[in-house]
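A.B. asks: how would this look folded up:
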Amino acid sequence: MIRESLLEMEKALSRRSFFSRMAKVAGMVAAYDRFGDKLFADPTPNSTALALQVVSAFGRTVIPVDEDPGWETFEPGINEYCLNVYIKQCFFYGNQLAFDGLITGINAFDSIPTLVAYGPRFTAMSANNRGQFLSDILTGAFEYDGVQDVLGFGGIFMLLGTKETFFLNYPRHLPQRGAEYQILPASNVKTGWDIMRFKGPVGPDEEKALRARHFDNVEVPGVDFRNPYI
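C.D. replies: Now for the predicted structure:
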């Protein structure tokens, strides 16, 4: 079951050029063939719960709370959305078997430190030790242990998932269906767009001002779609 889910994951990712190289370079199937149950476990409800803990620890590490809110500010909901909604749907198009492969990879990311005698599980590390662990992954410190690819694979997906979820303005990220203008709801807590000083969608006043500013602009002819040779 695990090997099948990893193969399906590679197959699903290979359809998207951005992830294709990552899937092949990671060699997750080769890692499973080498380490087997020692590193990977069949996906269960408990393994998904563990993966949420790993995402939580990762998010707190890369988006800490400082003078501004961070990942921890929006827990536990942000963990669930990041893993089971954003990553599952945007990266895997809802393919459960492929997603199960990622779950096993994320949980392997958690257990590898104990496997190679680096230290406690990622979820049991202190904040400083987690930061050092991620730094060691980036510098290729685990090549000699044969687990560098697994760590890099799980790490890049969690990095993309956490950063994109947070800075897509969770929990004020969902559009109002059918609304002509998207108005951000009021909040006394800074979210990703506030931290980036992004004003958000264009509102009626800004649209009116933009139309007035560009009213006399000279229209540049574009492509003539009536041309039968296009």
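
A.B. asks: which residues touch the residue most central in space within the chain?
C.D. replies: Taking C-alpha atoms, centre = their mean, the centroid of the chain lies closest to Gly161, which sits 0.9 Å from it. Applying C-beta atoms under 8 Å, 6 or more residues apart in numbering to Gly161 gives the contacts Val55, Cys82, Leu83, Tyr86, Ile87, Phe91. The way it works is simple: take the backbone N, C-alpha and C, and place the C-beta from them, glycine included.

A.B. asks: Can you give me the distance of Thr191 to Gly59?
C.D. replies: Per C-beta to C-beta, to the nearest Å, Thr191 is found 14 Å from Gly59.

A.B. asks: Pull up the per-residue confidence for Asp216.
C.D. replies: With respect to pLDDT, Asp216 scores 80.

A.B. asks: for Phe109, same thing?
C.D. replies: 90.

A.B. asks: mind checking the SS state of it?
C.D. replies: helix (DSSP: H, G, I helix; E, B strand; the rest coil).

A.B. asks: Please identify which helix or strand holds the residue nearest to it when sequence neighbours are not counted.
C.D. replies: Spatial nearest neighbour of Phe109, chain neighbours left out: Gly154 (3.6 Å); criterion: C-beta to C-beta, 6 or more residues apart in numbering. Element membership for Gly154, per DSSP states H and E: helix 148-167.

A.B. asks: one step back: okay, Thr191 and Gly59: which has more neighbours?
C.D. replies: Gly59 (25 against 22; other C-beta atoms under 10 Å).

A.B. asks: Filter the contacts of Gly161 down to just the ones in helices.
C.D. replies: Val55 (DSSP state H).

A.B. asks: In TSV: the contacts of Gly161, plus neighbour count.
C.D. replies: TSV is the format used below for the contacts of Gly161 (neighbours: other C-beta atoms under 10 Å):
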residue	neighbour count
Val55	26
Cys82	27
Leu83	25
Tyr86	20
Ile87	24
Phe91	21
